[in-house]
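Novice: Pasting the sequence and the predicted coordinates here, then a few questions.
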Amino acid sequence: MEKEYGPDFIQPSFLEVTAMDLAARTGKLEVLTWLNSHNGVYSCTTKAMDLAAEYGHLEIVQWLHTQRQDGCSTDAMDKAAGNGHLEVVKWLHENRREGSTTKAMDLAARNGHIDVVRWLYHNRCEGCSSDAFNISVEDSLDVLLFLVEKFPSKFDLSTMYRAARHAVRNGDVRTLQSLPSYKLLGLLGRPLYFSHVLAMACDDGHVHVVEWLLRLAQDIGYETVLPPCDTVKITYRAVEMDIPNVLKISIMVRHVSMIRWLWMHECKMDWSAYLRLAAIQNEYAVLRWLLDHSPQLPFCVAWYIFWEADHAEVVWWFSEELIVAIMCKCLSLNWSARKSVRWVLENISFDEVGSQREIRAAILQYDMFRVG
């Protein structure tokens, strides 16, 4: 066995100081022990413990601590923290004196290790740098909120906007309320930022976020926010910003709650245009709401929904008078109308005697059902 793994088999010039470093990195204790037994031939550097800590090999770190005198650098705790190896971080803290730098919390935050971030905050004094805030808001919101609370001075406008945008997109008012109020007011006190955030809330149909933002707008001092039209206007210190087509977008993306909210706040409704839009977009929930709340459905719009947009099934929601008018017009058209007409006549019952007579007369006049 000695011949197979002896110095003649592995050339010292090839490995030199890196052999034990690499063995420590991969957690190969038996290889590390064998290399160490050949004193003067194989050695290691501080990288051995640094790499073992970075990759979470606590047993290797402990072995190097007791068997070698090379020690480690601050990279050991920094990178162990960055990879979420909390037990390694704790052991280094209690048994080594090299310590760590702000990179420890920066890296732990960037990789979403909230338990490591909390431990470092309560047990170490290095803190973090502004780099800690350059994290994915989507994946590490809990980390971001913790850092915001503990290190508010390092929280810049760009990070605030990313956090606010993420909260708005997800309809998360609680996160908005958790952000430092003075910085949030500083951000949303700029009409451009406020209009972007409000537009996102409107587009995503988060009514509760829209209402929260509008209440905040009053505190900031915005003069006009929601006039009765499809364009939300924002005026602040002679600066005016518009958010166009709020209602139209809500219809296209099926946000019935947003449409209802705008309607309740007396937003001007172009019922005919919006009904046509909902029909062509196949937005049945929106179409039903609009039909239920429109003051009067014109025949031309009902015909468009039924015939042009090919939604025969929605005639359930029309008045009997409109259904009769549509049927009579269909019967007067060419044979391509038969399928839709048959479906309606087989599935819709007419309660009014006058309606029944009118439909019967139309059928007899055009003699449609005798064909085939």
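Specialist: Yep, that arrived. Numbering: from 1, shown residues only.

Novice: List the contacts of the helix or strand hosting Ser158.
Specialist: Secondary structure from DSSP states H and E places Ser158 in helix 157-169. Residues outside helix 157-169 that contact it (CB atoms under 8 Å, 6 or more residues apart in numbering) are 133-134, 137-138, 141, 144, 148, 172-173, 175-176, 179-180, 183-184, 186-188, 193, 196-197, 200-201, 204, 206, 209, 213. Bear in mind the C-beta positions are built from the backbone N, C-alpha and C, glycine included.

Novice: So which bits of that helix are buried?
Specialist: Applying a neighbour-count criterion of 16 or more other CB atoms under 10 Å, one finds Thr159, Met160, Tyr161, Arg162, Ala163, Ala164, His166, Ala167, Val168, Arg169 buried in helix 157-169.

Novice: What of stretch 301-308?
Specialist: For stretch 301-308, a neighbour-count test (16+ other CB under 10 Å) marks Val301, Ala302, Trp303, Tyr304, Ile305, Phe306, Trp307 as buried.

Novice: Which ones among those residues lie within helices?
Specialist: Those of the buried residues of stretch 301-308 mapping onto helices are Val301, Ala302, Trp303, per DSSP state H.

Novice: can you confirm Val197 is in a helix?
Specialist: Yes. Judged by DSSP: H, G, I helix; E, B strand; the rest coil, Val197 forms part of a helix.

Novice: What separation do you get for it and Thr159?
Specialist: Going from Val197 to Thr159 by CB to CB, to the nearest Å gives 15 Å.

Novice: cool, and Pro191?
Specialist: Separation of Pro191 from Thr159 (CB to CB): 20 Å.

Novice: So which residues of the stretch 101-250 of the chain form helices?
Specialist: Using DSSP state H, counting those that start in this stretch, the helices of the stretch 101-250 of the chain run over 102-110, 114-123, 141-150, 157-169, 173-178, 181-188, 191-203, 207-220, 246-252.

Novice: quick one: which of those has the weakest pLDDT on average?
Specialist: In terms of mean pLDDT, the lowest-scoring of those is helix 246-252 (a mean of 75).

Novice: buried residues in that one?
Specialist: Val246, Leu247, Ile249, Ser250, Ile251, Met252.

Novice: Ok, stretch 274-292 next?
Specialist: Residues Tyr274, Leu275, Arg276, Leu277, Ala278, Ala279, Glu283, Val286, Leu287, Trp289, Leu290, Leu291 are the ones in stretch 274-292 that count as buried (16+ other CB under 10 Å).

Novice: Likewise for stretch 125-139?
Specialist: Residues of stretch 125-139 classed as buried by neighbour count (16+ other CB under 10 Å): Glu126, Gly127, Cys128, Ala132, Phe133, Ile135, Val137.

Novice: mind listing what Ala273 touches?
Specialist: With contact set as CB under 8 Å, 6+ apart, Ala273 has no partners.

Novice: how far does the helix or strand hosting it sit from the chain's center?
Specialist: In the assignment (DSSP H and E), Ala273 maps to helix 271-280. Here helix 271-280 is found 29 Å from its chain centre; the criterion is CA atoms, centre = their mean, to the nearest Å.

Novice: following that helix, which helix or strand shows up next?
Specialist: Going down the chain from helix 271-280, the next helix or strand is helix 284-293, by DSSP H and E.

Novice: May I have that next one as CSV, with CA atoms only?
Specialist: Extracted C-alpha coordinates of helix 284-293, given in CSV (Å, rounded to 0.1, in the frame of the first residue of the first chain):
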residue,chain,number,x,y,z
TYR,A,284,-66.4,35.9,-19.2
ALA,A,285,-66.3,37.1,-15.6
VAL,A,286,-65.7,40.6,-16.7
LEU,A,287,-68.3,40.4,-19.3
ARG,A,288,-70.9,39.1,-16.8
TRP,A,289,-70.1,42.0,-14.4
LEU,A,290,-70.4,44.6,-17.1
LEU,A,291,-73.7,43.2,-18.4
ASP,A,292,-75.1,43.1,-14.9
HIS,A,293,-74.1,46.7,-14.2
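
Novice: Tell me the helices and strands packed up against that helix.
Specialist: Using 3 or more CB pairs under 8 Å, 6 or more residues apart in numbering; DSSP states H and E, the elements in contact with helix 284-293 are helix 256-264, helix 271-280.

Novice: Report the rounded mean pLDDT for that helix.
Specialist: The average pLDDT within helix 284-293 is 88.

Novice: that older thread, what's the closest of the buried residues of stretch 125-139 to Leu32?
Specialist: Nearest to Leu32 among these, counting by CB to CB, is Glu126 at 29.8 Å.

Novice: mind pulling up the phi and psi values for that closest one?
Specialist: phi -70, psi -30 (degrees, to the nearest 10).

Novice: Now do the contacts for it.
Specialist: Counting by CB under 8 Å, 6+ apart, Glu126 has contacts Gly99, Ser100, Thr101, Thr102, Ala104, Met105, Leu120.

Novice: pretty sure the second one contacts Lys79?
Specialist: No. Using CB atoms under 8 Å, Ser100 and Lys79 do not qualify as a contacting pair, with a distance of 9.5 Å.

Novice: How many neighbouring residues does Arg360 have?
Specialist: 11 (other CB atoms under 10 Å).

Novice: Quick check: closest non-adjacent residue to Asn123.
Specialist: Counting by CB to CB, 6 or more residues apart in numbering, Asn123 lies nearest to His93, which is 6.4 Å off, once chain neighbours are set aside.
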